[in-house]
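Chemist: below: sequence and its predicted model.
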Amino acid sequence: MNIEHLRTIADQLGLLKTQVKAVAELLQEGATVPFIARYRKEATGSLDEVAITTIRDRLHRLAELDTRRSAILKSLEEHGHLTDVLAEKVRAAQTMAVLEDIYLPYRPKRRTRATIAREKGLEPLASTLFDQKGTDPEQVALDFIDPEKGIESTDDALAGARDIIAEMINENPVARERLRELYRHKALITSRMATDMEETGAKYRDYFDWAEPAIKSPSHRILAMRRGEKEDILNLTIAPPAQEAIDILTGLFVRTDAEDAAQVKLAINDGYKRLLSRAMETEMRLETKMRADQQAIAIFAENLRQLLLAPPLGARRVMGIDPGFRTGCKVVCLDRQGKLLHHDTIYPHTGQNGAREAAEKLLQMRRNYRIEAIAVGNGTAGRETETFVKDLPDSQNTPILLVNESGASVYSASEVARREFPDLDLTVRGAASIGRRLMDPLSELVKIDPKSIGVGQYQHDVDQTALKKSLDDVVISCVNAVGVDVNRASAELLCYVSGLGPRLGKNIVAHRDENGPYEDREHLKIVPRLGPKAFEQSAGFLRIPGGKNPLDASAVHPESYAIVDRMAAELKCNVSDLIQDTELRSRIDIQKYVTDTVGLPTLEDILQELAKPGRDPRQEFKTVEFTQGIESIGDLKTGMKLPGVVTNVTAFGAFVDIGVHQDGLVHISELSDRFVKDPSDVVSVRQQVNVSVLDVDIERNRISLSMKSEPGRKKDSRKKKPIRQAHGGQASGVKTRTRPKSSRPGPTQPKKTPFHNPFVEALRKK
């Protein structure tokens, strides 16, 4: 364990070194983030999952830096470049960029113009010119003319010397760091339309003539422009005003006004244009991409968390309906554990006889299987099917709910679905998933790749490894926060429990199927391959309601059972009495139970669990009622006020389902009467909201909504640029500023900059 790394992380996060060290040691021992956060509070000073995850990730990044440092030291030694001074510089480097700058002059590289010039023996000439002692370049260059080496004149000699100087400047760590700072603070990200792409790339129209400071460019715009470049529709550059860069280099390397200094100036101009600007732009592309990825992944992760922790209806006998027009509606009936009891197909939308027969079938199934709730998918024909079911006799006594079916088709074709329903059609599997999703969203959604659930922003454009890691962390966090009933959970759900995994999840289910339900947590120790470490990490998150020990239904860890037994013994009662009797619990003095390893945080958690064993942290289930008669985009009118539910939150606003098969967009400027910097501060996925219709574009299938008390009202009289969606739909999720149509460049109208900015002007002058 690197002590310096621990100190660095502690300083960066404002934590105690002992806290960081404790987390690092626990992670090294194989502890998971949920376990550390829940059951090792004394060691970490009650750090939460966010802090522990951050420490874990920073330790990983510093380990990668050390790995690269070792590789560089080895390379330098193998090639005979390593000196004590150079080794010290390498060991002192705190970032990957600084480390690579130090290594750059010694890195094995292909033949360059400077390499060729050195082979011709021009390095002494380059050194003479670079020293700038007032020598005459032409006179000195005469000594280096050698036709056999391809140096026919002094111009050839000076050109080769300048190539060497340009590379020296390019590899200078100070120059690179100064330009890196210039690029970070003053570079413009500029997007232009590629030749003859006006029609093909219409969806990128907002970026055909766009420029803004790279440091301020939001995640969705960076990712949109990069996607347009990848599709060969846009040309993208990132650069500061060129003259500022030249001035920095001139100040670093030009010391006189003599003729030899003039050669250095020429080398600076060439080196910046040919080498440094490209290297810095590459770095800025990586840096802006990384920043955009982090923002997009963070939004996706938070949306996923809110979706996974959506309130469950609970154990009810549910009818699930996957709606459809021509192909009919697939109907399933599930018992309170989600087991499929019956399935059928009805055709309520194909004429009078079909509707009558469908109604009879539904009523018969409701009676036969004593249905307590009906889940209708919100896809095609969803609202129409919901209306049909609600019009049936006695429907007012049965909750009929629209369920977001995003990802249900992905589940239907998955290996998980084939194992669960090997003999059923894909659409029947989808209906079962819709019904189960109403009962317990978390248990069902863990079976689906999070990227298919429909709450992301540019999920296919961001770093897929980082995305998967972040989303896996969210799923693990949610599963362990809620806890898992070990006698009902699927293998897919169990594999996310702390300390388990796919193999142990399958083993737990296989043992349960073969031997019956688990009676207590101790019973888990006989599961194949579930050793002491896995038991320690997982036991507190696995619940056994109605088991032998009442604590098995709670989040109290088995390692703390003795403490609870002692509490009960001293009060002359049993554990069940402690759970049921508030007065008994009030007599517990937890200070008496503090030891060297068990502190107040753990004891307070135990008391909370005794008060509400296995408490579900999710909110109470609430139904969403869409406005009757508003079932398609054609039914909408400007000014309508409608209820809705948030389906996705992005950096530029939120998408809201108002029951018309097309989510409307509440732009960030319409989320609240006050200024909103981050949409997630105002809305969250699955939140019920009231919106007003601002605009309906039937041709492009777009709906603009507002959550303001006075929709569309501006806070000041300044003219704002209209908001236009560049890519359309939830999957793309891009909103950008654009000029009014009247200001678009025409045949006789000069182009205008997107906004007045001195950096833009400087770039255009260049």
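Modeler: Perfect, I can see it now. Predicted model only: the values in this text are computed from it and were never measured.

Chemist: in the stretch 201-350 of the chain, which spans are helices?
Modeler: Secondary structure of the stretch 201-350 of the chain (DSSP state H, counting those that start in this stretch): helices at 219-230, 242-253, 259-271, 277-308.

Chemist: what average pLDDT does the last one get?
Modeler: Mean pLDDT, taken over the full extent of helix 277-308, equals 93.

Chemist: buried ones in that helix?
Modeler: 277, 280-281, 283-285, 287-289, 291-293, 295-297, 299-308 (16 or more other Cβ atoms under 10 Å). Any C-beta I mention is one placed from the backbone N, CA and C, and that applies to glycine too.

Chemist: try the second one
Modeler: Using 16+ other Cβ under 10 Å as the burial criterion, the residues of helix 242-253 that qualify are 242, 245-246, 248-250, 253.

Chemist: closest to Val484 among those residues?
Modeler: Ala245 (57.1 Å; Cβ to Cβ).

Chemist: surely that closest one touches Tyr272?
Modeler: Yes - Ala245 is within contact range of Tyr272, at 5.7 Å (criterion: Cβ atoms under 8 Å).

Chemist: which ones are touching the closest residue to Leu402 other than its chain neighbours?
Modeler: Nearest residue to Leu402 in three dimensions, chain neighbours excluded: Asn378, at 4.6 Å (Cβ to Cβ, 6 or more residues apart in numbering). Applying Cβ atoms under 8 Å, 6 or more residues apart in numbering to Asn378 gives the contacts 402-405, 657, 659, 661.

Chemist: which of those are buried?
Modeler: 402-405, 657, 659, 661.

Chemist: could you dump these into CSV with distance to Arg176, secondary structure and pLDDT added?
Modeler: Converted to CSV, the buried ones among the contacts of Asn378 look like this (distance: Cβ to Cβ, whole Å; DSSP: H, G, I helix; E, B strand; the rest coil; pLDDT from 0 to 100):
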residue, distance to Arg176, secondary structure, pLDDT
Leu402, 57, strand, 89
Val403, 55, strand, 90
Asn404, 50, coil, 87
Glu405, 52, coil, 87
Asp657, 50, strand, 89
Gly659, 56, coil, 86
His661, 54, coil, 80
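
Chemist: and Val646, helix, strand or coil?
Modeler: Three-state assignment for Val646 (DSSP: H, G, I helix; E, B strand; the rest coil): strand.

Chemist: so Glu167 versus Thr350, what's the distance?
Modeler: 75 Å (Cβ to Cβ, to the nearest Å).

Chemist: who has more neighbours out of these two?
Modeler: Taking other Cβ atoms under 10 Å, Glu167 and Thr350 do not tie; Glu167 has more neighbours (24 against 15).

Chemist: which SSE is immediately downstream of the helix or strand that contains that one?
Modeler: Under the criterion of DSSP states H and E, Glu167 resides in helix 154-170. Downstream of helix 154-170, the first helix or strand assigned by DSSP H and E is helix 173-186.

Chemist: can you name every helix or strand that that following helix contacts?
Modeler: Helix 173-186 sits against helix 96-103, helix 242-253, helix 277-308, with contacts defined as 3 or more Cβ pairs under 8 Å, 6 or more residues apart in numbering; DSSP states H and E.

Chemist: again, only using 10 Å
Modeler: helix 96-103, helix 154-170, strand 234-239, helix 242-253, helix 277-308, helix 758-765 (3 or more Cβ pairs under 10 Å, 6 or more residues apart in numbering; DSSP states H and E).

Chemist: now render those as JSON lines, adding distance to Val497.
Modeler: Listed next are the helices and strands packed on helix 173-186 as JSON lines, based on distance: least, Cβ to Cβ, whole Å:
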{"stretch": "helix 96-103", "distance to Val497": "35"}
{"stretch": "helix 154-170", "distance to Val497": "53"}
{"stretch": "strand 234-239", "distance to Val497": "44"}
{"stretch": "helix 242-253", "distance to Val497": "54"}
{"stretch": "helix 277-308", "distance to Val497": "14"}
{"stretch": "helix 758-765", "distance to Val497": "52"}
